[in-house]
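K.L.:
with the sequence up front, the predicted model follows.
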Amino acid sequence: METRPDSGQDRRTVVSWLLGGGVAASLASFFYPVTRFVNPPAVAEASVNEVDAGKVQDLKPNSGKIVRFGSKPALLVHISDTEWKAFSAVCTHLNCTVQYREARRDIWCACHNGTYNLNGQVISGPPPRPLEELVVQIRGDEVFISRRA
Amino acid sequence: MPATEPKNKTLDWLDERTGWRMVRDLADHKVVPLHAGTAWYYFGGITLFLLGIQVITGVLLLLYYRPTVAEAFDSVRFIMTRVEFGWLIRSIHSWSANLLILAAFVHMFSVVFTHAYRRPRELTWLSGIALLGLMLGFGFSGYLLPWNQISYFATKVGTDMASSVPVAGPPMARFLRGGDDVGAATLTRFFAFHVMILPLITFGLVGLHLLLVQFHGMSTPSGVSASRLAHMKFFPNFFLRELVIWYGVLAVLGTLAAIFPWELGQKADPFASAPAGIRPEWYFLAEFYTLKLIPSHVWFFEGELLGLLGFGLLAAGWVALPFWAAGRNGEHRARLVTAAGVFLICYLATFTILGYVK
């Protein structure tokens, strides 16, 4: 039987590729499920368009409070007897929760000293964008907050 | 085996099966060069000692800690108020974590100023920097575990910084948080990072770091020939001195923990405003204050992204220090490295103090 001098080498190369490919495929089959596993699944949240933020008389003029708006905090501000405002309370800088400062009549983030005016616009500090404004409606003695249409 | 060593059947039996005398002989040959900067060698050992304290106190805390949003804060309060010496164990864990990072920073800067990163110790430097990163990771993940108000917002800010990195940032932040926001899944993940994943990597890297130190021997200052220096035996001479220093560190640690027990704060409330005076641990204060100063937009960039880019470049340059410290013709840019080290210390010290007082 005639054998080429490099046939053994060829066979070794093929076997090496097969072995290498097999090991690579095994590793891929181990790591793919792991990488998928550590990536948290998207959890569907009930879409909230409107929440009851409490009674009118519970929030005196020139004060604010944080209310739950779905899974996020919202800031309700009672500016004067007839004027109310509401914003997303999530600072646009690094996600902290803002608060209303009665003495300065502004909205302040304690984390990096960002300030917003009562239209949600950035006055000073590092926040890059204004706060998302929400709609306030008074029905009877209840205050409702909703997203803008 | 030295000829004068008396025969001992038990030790001979053990040596035949484990070869322990080889390890002893290696230790016998380890020496420490004596020069003006010899004292700086102790900081590596201090860091290792404090890491040991962290492991012991961490395991003890695990006996009572419960990693769920409903129970985490109360379980730490239980440790602090009901478990005998619980306040001491937790305070030692917290203080030791801070002293460990301080010791690691001192160790790193001593390596920089004595130019101990030079060829062939580049991998020792890289493994050390990776260990410092891991220690900061321990600090960041451990900070959330008591689930108090400050730690909750610190984690929100920290993970949101990650999300502002283009492309890889949002999936990275989701991976860290275990979802879109900081919550129950984040606490579970941070607990897993803190007690299992980071320790496993740390033990491997500490082993590599020590192996490399053993392999290359102790570095001598640049321009000084090791053969012209006097040496001290590591075992037992230098090691006994280390033990005395470790006792001193333990005394400082015990005093701090007893006089200034670590606070617990208030339970995290995702629907409360970030409290006034909120700030991260001291070792993140410089970055925190920098982010406070950067305006919302600089040219076309968002300030936050620009800050992160700056931190990233600074960190990359620092990691690569042994490589740019060696010039094209193999000359050592000692003065440039010293200047970079002084600059970094000045930046970190100034901004940390400003972050603390402002």
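P.N.:
It's in.

K.L.:
all contacts plus neighbour counts: C-alpha atoms, from now on.
P.N.:
Will do.

K.L.:
A:Gly64: neighbour count?
P.N.:
Using other Cα atoms under 10 Å in any protein chain shown, A:Gly64 has 22 neighbouring residues.

K.L.:
and the nearest residue to it once chain neighbours are set aside, which of the three is it?
P.N.:
Using Cα to Cα, 6 or more residues apart in numbering or on different chains and skipping residues adjacent in sequence, the residue nearest A:Gly64 is A:Val77, 4.2 Å away. Secondary structure state of A:Val77, per DSSP: H, G, I helix; E, B strand; the rest coil, is strand.

K.L.:
ok, now A:Thr82?
P.N.:
coil.

K.L.:
any idea how far it lies from B:Ile101?
P.N.:
Noted for A:Thr82: a distance of 54 Å to B:Ile101, by Cα to Cα, to the nearest Å.

K.L.:
comparing the two, which residue is more hemmed in?
P.N.:
Neighbour tally, A:Thr82 and B:Ile101, criterion other Cα under 10 Å: the higher count belongs to B:Ile101, 20 against 8.

K.L.:
so which strand or helix has the residue lying closest to the more buried one once chain neighbours are set aside?
P.N.:
Once flanking residues are discounted, B:Ile101 sits nearest to B:Met135: 6.7 Å by Cα to Cα, 6+ apart. Taking DSSP states H and E as the definition, B:Met135 sits inside helix B:122-144.

K.L.:
name the helices or strands packed onto that helix?
P.N.:
When contacts are defined as 3 or more Cα pairs under 8 Å, 6 or more residues apart in numbering or on different chains; DSSP states H and E, helix B:122-144 packs onto helix B:86-113, helix B:149-163, helix B:184-192, helix B:198-216, helix B:321-324.

K.L.:
could the ones you listed go into a markdown table alongside mean pLDDT?
P.N.:
Converted to a markdown table, these look like this (pLDDT from 0 to 100):
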| stretch | mean pLDDT |
| --- | --- |
| helix B:86-113 | 96 |
| helix B:149-163 | 91 |
| helix B:184-192 | 96 |
| helix B:198-216 | 96 |
| helix B:321-324 | 96 |
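
K.L.:
among these, which is nearest A:Glu142?
P.N.:
Nearest to A:Glu142 among the helices and strands packed on helix B:122-144 is helix B:149-163 (29.9 Å), distances taken as Cα to Cα.

K.L.:
after that closest one, next one along is what?
P.N.:
Later in the chain than helix B:149-163, the nearest helix or strand by DSSP H and E is helix B:169-177.

K.L.:
could you chop chain A up by domain?
P.N.:
For chain A, automatic domain parsing gives the domain ranges A:1-41, A:50-146.

K.L.:
secondary structure class for the closest residue to chain B within chain A?
P.N.:
Going by Cα to the nearest Cα, chain B is nearest to A:Pro126 of chain A, at 4.1 Å. Under three-state DSSP, A:Pro126 falls in the coil class.

K.L.:
that one - how many residues pack around it?
P.N.:
Neighbours around A:Pro126, by other Cα under 10 Å: 25.

K.L.:
A:Tyr100 is in contact with the residue nearest to A:Gly64, correct?
P.N.:
Yes: assessed by Cα atoms under 8 Å, A:Val77 is found in contact with A:Tyr100 at 7.2 Å.

K.L.:
find the residues that touch each one of the two.
P.N.:
With contacts taken as Cα atoms under 8 Å, 6 or more residues apart in numbering or on different chains, A:Val77 and A:Tyr100 have A:Ser63, A:Gly64, A:Lys65 as neighbours in common.

K.L.:
which SSE is the second one in?
P.N.:
Pointing back at A:Gly64 there. With DSSP H and E as criterion, A:Gly64 is part of strand A:63-69.

K.L.:
one more: B:Leu26?
P.N.:
Going by DSSP H and E, B:Leu26 is in helix B:20-29.

K.L.:
follow-up on the earlier one: export the helix holding B:Met135 as CSV, just CAs?
P.N.:
What follows is helix B:122-144, C-alpha atoms only, in CSV (Å, rounded to 0.1, in the frame of the first residue of the first chain):
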residue,chain,number,x,y,z
GLU,B,122,5.2,44.3,35.2
LEU,B,123,2.9,41.4,36.0
THR,B,124,3.3,41.9,39.7
TRP,B,125,2.1,45.5,39.2
LEU,B,126,-0.8,44.5,37.0
SER,B,127,-1.9,41.8,39.5
GLY,B,128,-1.6,44.4,42.3
ILE,B,129,-3.7,46.9,40.4
ALA,B,130,-6.3,44.2,39.7
LEU,B,131,-6.4,43.4,43.4
LEU,B,132,-6.9,47.1,44.2
GLY,B,133,-9.8,47.1,41.8
LEU,B,134,-11.2,44.1,43.5
MET,B,135,-10.9,45.7,46.9
LEU,B,136,-12.9,48.7,45.5
GLY,B,137,-15.4,46.2,44.2
PHE,B,138,-15.7,44.7,47.6
GLY,B,139,-16.2,48.1,49.1
PHE,B,140,-18.9,49.0,46.5
SER,B,141,-20.8,45.7,46.8
GLY,B,142,-20.5,45.5,50.6
TYR,B,143,-21.7,49.1,51.0
LEU,B,144,-25.2,48.1,49.8
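
K.L.:
which parts of that helix are buried?
P.N.:
For helix B:122-144, burial by neighbour count (16 or more other Cα atoms under 10 Å in any protein chain shown) applies to B:122-132, B:134-144.

K.L.:
how about the residues of chain B by chain A?
P.N.:
Residues of chain B lying near chain A by Cα under 8 Å from any Cα of the partner chain: B:153, B:156-157, B:160-161, B:174-175, B:178-179, B:270-279, B:288-289, B:291-297, B:302-304.

K.L.:
what subset of the residues you listed is buried?
P.N.:
For the residues of chain B next to chain A, a burial check counting by 16+ other Cα under 10 Å picks out B:153, B:156-157, B:160-161, B:174-175, B:178-179, B:270-275, B:279, B:288-289, B:291-292, B:294-297, B:302-304.

K.L.:
quick one: which of these sit in strands?
P.N.:
With strands defined by DSSP state E, the entries of these inside them are B:His297, B:Glu302.

K.L.:
A:Val51 belongs to a strand?
P.N.:
Yes: according to three-state DSSP, A:Val51 belongs to a strand.

K.L.:
per-residue confidence for it?
P.N.:
With respect to pLDDT, A:Val51 scores 93.

K.L.:
return the distance of it relative to A:Ser63.
P.N.:
19 Å.

K.L.:
what do you get for B:Ile46?
P.N.:
Remark: distance between B:Ile46 and A:Ser63 (Cα to Cα) = 52 Å.

K.L.:
more crowded one of the two?
P.N.:
More crowded of B:Ile46 and A:Ser63, by other Cα under 10 Å: B:Ile46, with 22 against 17.

K.L.:
could you report the pLDDT at B:Ala27?
P.N.:
Note on B:Ala27: pLDDT of 86.

K.L.:
do B:Leu229 as well
P.N.:
pLDDT for B:Leu229: 88.

K.L.:
tell me if I'm right that it and B:Leu34 touch.
P.N.:
Yes: counting by Cα under 8 Å, B:Leu229 touches B:Leu34, with 6.4 Å between them.

K.L.:
tell me the contacts of B:Thr155?
P.N.:
Counting by Cα under 8 Å, 6+ apart, B:Thr155 makes contact with B:Phe140, B:Leu144, B:Val182.

K.L.:
which single residue of chain B ends up nearest chain A?
P.N.:
Nearest residue of chain B to chain A (Cα to the nearest Cα) works out as B:Ser296 at 4.1 Å.

K.L.:
what's near enough to touch that residue?
P.N.:
B:Ser296 makes contact with A:Gly125, A:Pro126, A:Pro127, A:Pro128, B:Glu302, B:Gly303, B:Glu304, according to Cα under 8 Å, 6+ apart.

K.L.:
farthest pair within the residues you listed?
P.N.:
Distance extremes for these: the farthest pair is A:Gly125 and B:Glu302 at 12.2 Å, using Cα to Cα.
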